[in-house]
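>>> Quick one, fold the following:
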Amino acid sequence: MEFIEQVDNPKKREDAYKLIDIFTETTGYEAKMWGPSIIGFGSYHYKYESGHEGDAPLVGFSPRKAKISLYFAPGETKREELLKNFGKYTTGKACVYINKVADIDVSVLKELITESIRFLQKAYPQQ
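Numbering: from 1, shown residues only. Sure thing, here's the model as predicted:
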């Protein structure tokens, strides 16, 4: 993937390829670029009460300069429980940030991916 080849840090580039394999295997979806820097898998259409609507990846990640951002469903209820056994990470509003794949439990990552997709497909069923 051309975007990953532009990642400066070779370890982060290697981790990005590992994550593509993990996300592809877990979701069954091919990796697709969303905007300039997010690698997403699958998609869903959302519509908020405000009337704002759009499409977003079901799950994804971005190998950013400082950390790797993992994108899961905002509001997914099992996330906090799963993160207890995830390893070394920090969280933002919708993201989970990791330094490297070696810091986390990959089986927990797969559960986070699966739960996120299940949650979004239930919340936003395909029309």
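>>> Quickly run through the sheet partners of the lowest-mean-pLDDT helix or strand in the chain, with directions.
Within the chain, confidence by mean pLDDT, DSSP states H and E is lowest for strand 44-47 among all helices and strands, at a mean of 90. In the sheet, strand 44-47 lines up against strand 53-56 (antiparallel) (DSSP bridges).
>>> from the chain's centre, how far out does the partner strand sit?
With C-alpha atoms, centre = their mean, to the nearest Å as the basis, strand 53-56 stands 16 Å off its chain's centre.
>>> State the mean pLDDT of the next helix or strand after it.
Next helix or strand after strand 53-56 toward the C-terminus (DSSP states H and E): strand 59-63. In this model, strand 59-63 has a mean pLDDT of 97.
>>> Against which helices or strands is the very next helix or strand once past strand 59-63 packed?
Going down the chain from strand 59-63, the next helix or strand is strand 68-71, by DSSP H and E. Judged by 3 or more C-beta pairs under 8 Å, 6 or more residues apart in numbering; DSSP states H and E, strand 68-71 is in contact with helix 10-27, strand 59-63, strand 95-98. Heads up, the C-betas are built off the backbone N, CA and C, glycines and all.
>>> could you give the angle of the helix or strand in which residue 120 is found to helix 10-27?
Under the criterion DSSP H and E, the helix or strand holding residue 120 is helix 106-123. Angle, helix 106-123 to helix 10-27, by axes from the mean of the first three to the mean of the last three C-alpha atoms, to 10 degrees: 50 degrees.
>>> buried ones in helix 106-123?
109, 111, 112, 113, 115, 116, 117, 119, 120 (16 or more other C-beta atoms under 10 Å).
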